[in-house]
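Engineer: One predicted model, sequence on top.
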Amino acid sequence: MAGIYIHIPYCKQACSYCDFYFTVHLLDKQEFIKALLEEIESRTAYLENQTIETIYFGGGTPSQLSTQELNSIIEAIQMNYSVTGNVEITVETNPDNLTEDYLKQLSEIGANRLSIGIQSFKNEDLTLMNRAHNAAEAKNCISLARVSGFNNISIDLIYGLPDSSIEDWQNNIQQALKLNPEHISAYNLTIETGTPLAHLVSKGRVSIPSDDEVVLQHNLLVDLLSKAGFEHYETSNFAKQGFRSKHNSSYWKGIHYLGFGPSAHSFNGTSRSWNIANTKKYVDLIRENKTHFESETLSLIDRINEFIMTGLRTVEGIDLNHFENNFGKKRLAVLLQESANALSKQYLALDQNRLFVTPKGKVLLDGITSDLFFE
Ligand code: SF4
């Protein structure tokens, strides 16, 4: 069992907070797709014939590609890998470029899960973030997706936005719930160095909420979504029953994945690799048959810390049987010893041989996790 990620680097415009790898120049699109198809063909050995259960188009904005282009990528994957019949195929999209025709075609080529980057239903927020859509498009896109045949829709929201009040955030959550998505990913805005938004913050043109305000927004989110029947199954992710993201869950469970496209990462249990984060160089290197990625072999300590970090992000927490079987009794004893402080403060809890973060500990997750890391 494994997953495939495809990074489509194109975006309509640059969002002010974004530090992902993307480009707004579509000139080299045909060359990029050709290189991508070559990469798909050339890396078949990486996953050692494991069955592909999930395919995820991320970016960037994958819906910048036509459905014919996306289909050529899906077909290349199906020709070169062993893909399960009920594969989950997710396509990240943005509300500004979704039409009923496009969505119907997406459904026809096999996409069965949409992840829509709504971020906010408030026009002022969307303008500040330099998003390419407005609040009306944000509200409209889910009904468009429904009539086009999608019954597994996720939306992304961002909290902790500059100049946002708890009432604004509450309104955003309520708007989202009215649209009845199956899945919601909600991220705390991080002000990344070098972004236009970081510049606005440093000049004092906008003010970011205090840590206490962000915690209030987070707690409100958890409260309202749990009342609405969503399971908080991972730090930033909430799903109706049966609608967890299979692809993203595989990252947190240590399932192997192969990433195609500029900046895409891959993991096969013992090593990690990452493609060059530059579309032109990616295309040139593949065309010249040169290596287009770097890789590292993971040490035992890397693998233990990864297991702790990803496990604590999920509602199931760290499976201690699995930990002992993979890393040994002595290391399990060390892990439990290091957990004692957080357990006594009820930031962590133990149940049925699982160590997990309590609701009280969730806002302190990063610190709790790093205290448990092995050296
Ligand atoms: S659409 Fe997504 S990837 Fe593109 S600039 Fe905006 S946040 Fe970044």
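Structural biologist: Happy to help now that I have it.

Engineer: Quick check: residues of this protein near the ligand?
Structural biologist: 11, 14-15, 18, 20, 22, 59-61, 94, 117 (CB under 6 Å from any ligand atom). C-betas here are computed from N, CA, C, even on glycine.

Engineer: Mind putting those residues into TSV with neighbour count?
Structural biologist: Shown next, in TSV, are those (neighbours: other CB atoms under 10 Å):
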residue	neighbour count
11	20
14	14
15	22
18	17
20	14
22	23
59	26
60	24
61	24
94	26
117	24
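
Engineer: how close does residue 141 get to the ligand?
Structural biologist: Per CB to the nearest ligand atom, to the nearest Å, residue 141 is found 14 Å from the ligand.

Engineer: number of nearby residues for that residue?
Structural biologist: Applying other CB atoms under 10 Å, we find 26 residues neighbouring residue 141.

Engineer: check which helix or strand covers it.
Structural biologist: helix 135-147 (DSSP states H and E).

Engineer: hmm, who's touching the helix or strand following that helix?
Structural biologist: The element immediately downstream of helix 135-147 (helix or strand, assigned by DSSP H and E) is strand 153-159. Residues outside strand 153-159 that contact it (CB atoms under 8 Å, 6 or more residues apart in numbering): 17, 90, 113-120, 129, 142, 145-146, 169, 172-173, 176, 179, 181-189, 214, 217-218, 221, 245.

Engineer: cutoff 6 Å now
Structural biologist: Strand 153-159 is contacted from outside by 114-119, 145, 169, 181-189, 217, using CB atoms under 6 Å, 6 or more residues apart in numbering.

Engineer: Just the residues of the chain next to the ligand: which are in helices?
Structural biologist: Residues from those lying in helices, with DSSP state H as the criterion: none.

Engineer: will you turn these into a markdown table that also has pLDDT?
Structural biologist: Formatted as a markdown table, the residues of the chain next to the ligand follow (pLDDT from 0 to 100):
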| residue | pLDDT |
| --- | --- |
| 11 | 95 |
| 14 | 96 |
| 15 | 97 |
| 18 | 95 |
| 20 | 91 |
| 22 | 92 |
| 59 | 92 |
| 60 | 92 |
| 61 | 95 |
| 94 | 95 |
| 117 | 97 |
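
Engineer: May I see these arranged in CSV, with distance to residue 32 as well?
Structural biologist: Output for the residues of the chain next to the ligand, formatted as CSV (distance: CB to CB, whole Å):
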residue, distance to residue 32
11, 13
14, 18
15, 21
18, 19
20, 16
22, 12
59, 12
60, 11
61, 14
94, 19
117, 21
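
Engineer: quick one on the thing from earlier: for the helix holding residue 141, name the packing helices and strands.
Structural biologist: helix 100-108, strand 113-119 (3 or more CB pairs under 6 Å, 6 or more residues apart in numbering; DSSP states H and E).

Engineer: hmm, who's touching the host helix or strand of residue 280?
Structural biologist: Secondary-structure assignment from DSSP H and E places residue 280 in helix 279-287. The list of residues contacting helix 279-287 from outside it, by CB under 6 Å, 6+ apart, reads 9, 23, 31-32, 35, 38-39, 262, 276, 292.

Engineer: Filter those down to just the ones in helices.
Structural biologist: Using DSSP H, the contacts of helix 279-287 in helices are 31-32, 35, 38-39.

Engineer: In these, which residue is surrounded by the most others?
Structural biologist: Counting neighbours by other CB under 10 Å, residue 32 leads these with 24 neighbours.

Engineer: Next up, the contacts around it.
Structural biologist: 279, 283.

Engineer: any idea how far it lies from residue 59?
Structural biologist: Computed as CB to CB, to the nearest Å, the residue 32 to residue 59 distance reads 12 Å.

Engineer: Test for you: state the pLDDT assigned to the residue of the stretch 201-350 of the chain found nearest the ligand.
Structural biologist: Per CB to the nearest ligand atom, residue 263 is where the stretch 201-350 of the chain lies closest to the ligand, at 10.7 Å. Per-residue pLDDT puts residue 263 at 97.

Engineer: quick one: contacts for it?
Structural biologist: Contacts of residue 263 by CB under 6 Å, 6+ apart are 7, 21, 275, 277.

Engineer: now swap in residue 348 and tell me
Structural biologist: 339, 342, 361.

Engineer: hmm, which of these are the buried ones?
Structural biologist: If you count burial by 16 or more other CB atoms under 10 Å, the buried members of the contacts of residue 348 come out as 339, 342, 361.
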